[in-house]
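This is a predicted model, with the sequence first.
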Amino acid sequence: GQQLNQSPQSMFIQEGEDVSMNCTSSSIFNTWLWYKQDPGEGPVLLIALYKAGELTSNGRLTAQFGITRKDSFLNISASIPSDVGIYFCAGDNQGGSEKLVFGKGTKLTVNP
Amino acid sequence: NAGVMQNPRHLVRRRGQEARLRCSPMKGHSHVYWYRQLPEEGLKFMVYLQKENIIDESGMPKERFSAEFPKEGPSILRIQQVVRGDSAAYFCASSPTVAVQPQHFGDGTRLSIL
């Protein structure tokens, strides 16, 4: 089935640093979504992207829908301890079905 | 994750028993999706339902698994004759419409098979 390649798998950073993670696919996606998941909880939507080239911010988070529609990145600026968690990219490439394909996640650790 | 309610949060079953997982979508949402997550993995799509209709069940095993979203009441994911490999976190998401609406997730049901 469809797969999203998400990298890096894990990141260890110091508080205050900026973070960048990305997702790539071999096929075109119509929608890119970024979620954060804390232990024992469900994914929480951070940013939704619907058009190629779209750049969207949510506070310290910025995400872009790649112009080729095969990739997306998420940046976090000035990281804080509560940014710790697993970040997932997800995409919809079938239109109408709304079946989301998820990456395997990037585990972020922020050292105070 | 206010809005999408899943219960129970944790469910323990012995091999061969049945597991029933419930999901109440956010108010005003008529589309429900079920996903499964294994440890250290992303979520995998199972089934997409609207009220009284299964729209896409391509990710759901053909045997032992079934899902429904009745006119009244929550959506139910049912697993019959559970096996150890069914142990996972099962997440439900909902959206108001199909077109360009992101899915919002509940906190999941952790299913453990003894």
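Received, thanks.

Residue A:82 in helix, strand or coil?
Three-state assignment for residue A:82 (DSSP: H, G, I helix; E, B strand; the rest coil): helix.

quick one: it and residue B:3, what's the gap?
Distance of residue A:82 to residue B:3, computed by Cβ to Cβ, to the nearest Å: 22 Å. Every residue, glycine included, has its C-beta placed from N, CA and C.

Looking at those two, which one has more neighbours?
Comparing residue A:82 with residue B:3 by other Cβ atoms under 10 Å in any protein chain shown, the one with more neighbours is residue B:3, at 14 against 8.

show me what contacts that one?
Residues near residue B:3 by Cβ atoms under 8 Å, 6 or more residues apart in numbering or on different chains: B:25-27, B:94, B:104.

Rebuild these as JSON lines, extending it with neighbour count.
Compiled in JSON lines, the contacts of residue B:3 are given as follows (neighbours: other Cβ atoms under 10 Å in any protein chain shown):
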{"residue": "B:25", "neighbour count": "25"}
{"residue": "B:26", "neighbour count": "17"}
{"residue": "B:27", "neighbour count": "8"}
{"residue": "B:94", "neighbour count": "26"}
{"residue": "B:104", "neighbour count": "22"}
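
got the residues of chain A near chain B?
Contacts of chain A with chain B, taken as Cβ under 8 Å from any Cβ of the partner chain, map to A:4, A:6, A:31, A:33, A:35, A:40-45, A:48, A:50, A:88, A:90, A:96-105.

Filter the residues you listed down to the buried ones.
By neighbour count, with 16 or more other Cβ atoms under 10 Å in any protein chain shown, the residues of chain A next to chain B hold A:4, A:6, A:31, A:33, A:35, A:41-43, A:45, A:48, A:88, A:90, A:98-105 as buried.

does any part of stretch B:54-63 sit near chain A?
Yes. Contact of stretch B:54-63 with chain A (Cβ under 8 Å from any Cβ) involves B:55-56, B:58-59.

Out of these, which comes closest to residue B:39?
Lowest distance from residue B:39 to the residues of stretch B:54-63 next to chain A (Cβ to Cβ) belongs to residue B:59, with 18.5 Å.

mind listing what that closest one touches?
When the contact criterion is Cβ under 8 Å, 6+ apart, the partners of residue B:59 are A:99, B:44-47.

So which of those residues sits lowest on pLDDT?
The member of the contacts of residue B:59 with the lowest pLDDT is residue A:99, at 82.

My read is that that one contacts residue B:56, right?
Yes. Under the criterion of Cβ atoms under 8 Å, residue A:99 makes contact with residue B:56 at 5.9 Å.

what's the overlap in contacts for the two?
Common neighbours of residue A:99 and residue B:56 (Cβ under 8 Å, 6+ apart) are residue B:48.

just checking, residue A:73 touches residue A:23?
Yes. Between residue A:73 and residue A:23 there is a contact at 7.4 Å, judged by Cβ under 8 Å.

What segments of chain B are strands?
For chain B, the strands defined by DSSP state E occupy B:5-7, B:10-13, B:19-24, B:31-37, B:43-50, B:53-56, B:65-68, B:75-79, B:88-95, B:104-105, B:109-113.

of all these, which lies closest to residue A:58?
Residue A:58 sits nearest to strand B:104-105 of all the strands of chain B, at 15.0 Å, using Cβ to Cβ.

Thanks again, I'm all set now.
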